[in-house]
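> coordinates only, sequence not included:
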C-alpha cells in the first residue's frame, strides 16, 4: 500500500502536481494516488526533491474565465414587478399555510428517487416550492428566507413566519400602491415590531416541567405520543440534558439513555456532512483522536489515518486547531471515499480546553495526545484512540454518545470534579465545573422513531425534530399562550405604540403590523373549517387574556390550562424575521432575473415521445 510519509514525501513541487490540482487553493490529489484504499495528501506548498513523472510537467495557473449572462431588468413601472413578486409570495404562503394548526393538512412532495414525501413542516414545504415565472419565484424565495432564518434560530415556527411575512406584505402593498413613501412606512413597521417584542417578553412566563409535554405536543401538530416521548426524555436527562433522535429498527418508538455529552463546537468544514438534509455529519462505532495542540501538517497524522483506512472504521479528530493543509487532506480523502472522517475544534481555551479533552477521553476510553506527557502525534497509534457508540456534528454543536464501557471511570471523574467544586471559591469557576459534571453525568437521551412505512417515518421524524427544538426554545425564553392568540393580544398593544411614532407614514406602518397579526389565528380557524373573522371577534371579546380558541376541540377556553402553549422564542423569531423580509420587499423597486433560455429547436410536439411516437 502506498501511503504518505513512507514510500514518498507528502509534499510535491508545482512541477510534479497535475495541472488540474494547481487551481487556486483547492485540495490537491497527487498524480499516482487515485486508488480508493490509498491516503491522498493535499500539501503542495513546500519544495520536494522527488518527482513522480520522468518528464516534469510545465504547469501554468489556469485563468478563471467568468462568463456573465445578460440579465432581465424588471422595473416596478405601475407596480407590476411588485405585484408579480407578491403573487409568488401568496402562492408560497397558500401551500405552506395548509399545514398550520392542529387540523392543518399534509403536503405531498414528489421525489425523483424513491417514494413521495408527506410533510407537515413549513420550512420543508417552502424549500420545495419553485415557481415557473422568474419574478414570482424571487418573491417566493424572499419569504422563504423568513422561514429558514426562524428555523435556524428557534427550530420551529416556520409556517407562522411565512404567514406573517405574506400578511405584512399584503397589507403593505395596499398602502404603497396608494402612493405612500415605503421607506417611512417600513421604519414604522420596524419600530412597531421592536416595541412588540418587549411586550411579548412581558407576556412570557417561565416554563414548568409539566408544561414541556404540552409544548412538544403542540409543536408536533397535536401528537400526544411525540409530546410524551420528548417529555420522558427530558425527565431522564434534565432540562439542560442532551436529547437526540435516530431511526428505530422496528415500527415502535423507543427511548433509552446512554453515557454521552454535547458541547457547542460544530464541524470545521461542511464537507464533513454525511446527511445533507439535516446538515449533520454522523457515524456509529466511531474512533476519536484527541489532540491538545494545533495540527499543522498531514504528515503528523499519517499513522493514525493509515490505521483508520486499514480498519475501515470512522474517525473523529478533535484538536485545538487544524490548519489548512491537514484539513484539505482530510476533506479530500473524505470526498474520495478513502476515509470516513470528521474534524472539530476542541471546546474551551487554555487549561479549560485541556480539562474538556480529558473528560472526553475518559468517556470514550481514549488518551489525549499532548507533548507534556511525552506523546507526539506522529509517533502514536491506535492505542490512543477512544471509542464512541455514535458521534454527531452539526454546524454549531457536537454530540458524543459513549459506548458504556467506561462507566466506572466516568463516575470517578465526576467525583474528582465535585471535590474541586467544594474547594473552589470563585463563582465563575464553580459554574464551569458544574457544567462539566452535568456533561459527564447527565447522559444522552436517544429517541428512536419508528413507523410502518418509510414515508410515514420521514414525516414523523420532522415532527419529532420540531418538537425537540420547541422544548429547547421554551426552556431558553419561556412560554406564551398558543394558537395564534398571543399575536392577537399583541395587536391590541399597537395603538399605544402607534402614538409614539414620528409621522403619519410610520403610524400607517404600525397599522399594517396590527392587521397582519390577526392572520395566523384566522388561518388556524379556517383550516379547522370555522370562519376566521368570527373566531377573532369572539377571542377579542374575552376579558381574560388567557382565553382563546382551541382549534383541536373547537372551544373557547383557558389555553394555558388546556396546554395550548408556544415557546416565546419561536413567536419572537417568527415576528422579527417576517418584518425583516417584508421591509425588504416593500422598499424594492427593480427585480433583476435571469433571461429564460429558449427551448431547443426540434422539440417534439406535445404528446409525442423523443422517437415521434405516442
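On my side now, so go ahead. Since the structure is predicted, the reported quantities are computational estimates derived from the model, not experimental observations. Numbering: from 1, shown residues only.

> now the end-to-end length of stretch 93-110.
Here the two ends of stretch 93-110 are set 19 Å apart, with distance taken as C-alpha to C-alpha, to the nearest Å.

> buried set for that stretch?
93, 95, 96, 97, 98, 99, 100, 101, 102, 103, 104, 107 (16 or more other C-beta atoms under 10 Å). Any C-beta I mention is one placed from the backbone N, CA and C, and that applies to glycine too.

> so who does the last one touch?
Contact analysis of residue 107 by C-beta atoms under 8 Å, 6 or more residues apart in numbering lists 95, 98, 99, 118, 119, 120, 125.

> let me know the closest of the buried residues of stretch 93-110 to residue 235.
Taking C-beta to C-beta as the measure, residue 235 lies nearest residue 102 of those, at 24.3 Å.

> ok, now how distant is that closest one from residue 468?
Separation of residue 102 from residue 468 (C-beta to C-beta, to the nearest Å) stands at 19 Å.

> and if you look at residue 419?
Applying C-beta to C-beta, the value for residue 419 to residue 468 is 35 Å.

> I'd guessed residue 392 sits against residue 279; true?
No: Residue 392 is not in contact with residue 279 according to C-beta atoms under 8 Å; the separation is 11.2 Å.

> okay, the two: which has more neighbours?
A count of neighbours by other C-beta atoms under 10 Å puts residue 392 above the other of residue 392 and residue 279, at 26 against 14.

> which residues sit against the helix or strand containing that one?
Here residue 392 sits within strand 386-393, counting by DSSP states H and E. For strand 386-393, the external contacting residues (C-beta under 8 Å, 6+ apart) are 244, 246, 258, 260, 266-267, 272, 280-288, 290, 314, 316, 342, 344, 360-361, 363-367, 398-405.

> before we move on, back to that, considering the buried residues of stretch 93-110, which is situated nearest to residue 525?
Distances from residue 525 to the buried residues of stretch 93-110, taken by C-beta to C-beta, are shortest for residue 101, at 8.0 Å.

> what's the nearest residue to the closest one if we skip its chain neighbours?
Once flanking residues are discounted, residue 101 sits nearest to residue 524: 3.8 Å by C-beta to C-beta, 6 or more residues apart in numbering.

> please report how far the one you found lies from residue 220.
Distance, residue 524 to residue 220, using C-beta to C-beta: 16 Å.

> go on, residue 114?
Computed with C-beta to C-beta, the distance linking residue 114 and residue 220 is 24 Å.

> looking at the two, which is more packed in?
Under the neighbour definition other C-beta under 10 Å, residue 114 and residue 220 were set side by side, and residue 220 has more, 25 against 9.

> does the more buried one touch residue 226 like I think?
Yes: applying C-beta under 8 Å, one finds residue 220 in contact with residue 226, separated by 4.0 Å.

> what is in contact with those two at once?
By C-beta under 8 Å, 6+ apart, the residues touching both residue 220 and residue 226 are 463, 464, 467.

> on that earlier part again, and residue 419 and residue 468? Which one has more around it.
When residue 419 and residue 468 are compared for neighbours, residue 468 comes out ahead with 24 against 11, by other C-beta under 10 Å.

> which SSE is the more buried one in?
For residue 468, the host element (DSSP H and E) is helix 454-477.

> can you pull the buried residues of that helix?
Within helix 454-477, the residues that count as buried by 16+ other C-beta under 10 Å are 455, 457-475, 477.

> rebuild the shared contacts of residue 220 and residue 226 as JSON lines, extending it with pLDDT.
Shown next, in JSON lines, are these (pLDDT from 0 to 100):
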{"residue": "463", "pLDDT": "88"}
{"residue": "464", "pLDDT": "90"}
{"residue": "467", "pLDDT": "89"}
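
> how about residue 447, secondary structure?
strand (DSSP: H, G, I helix; E, B strand; the rest coil).

> please consider this matter closed, and thank you.
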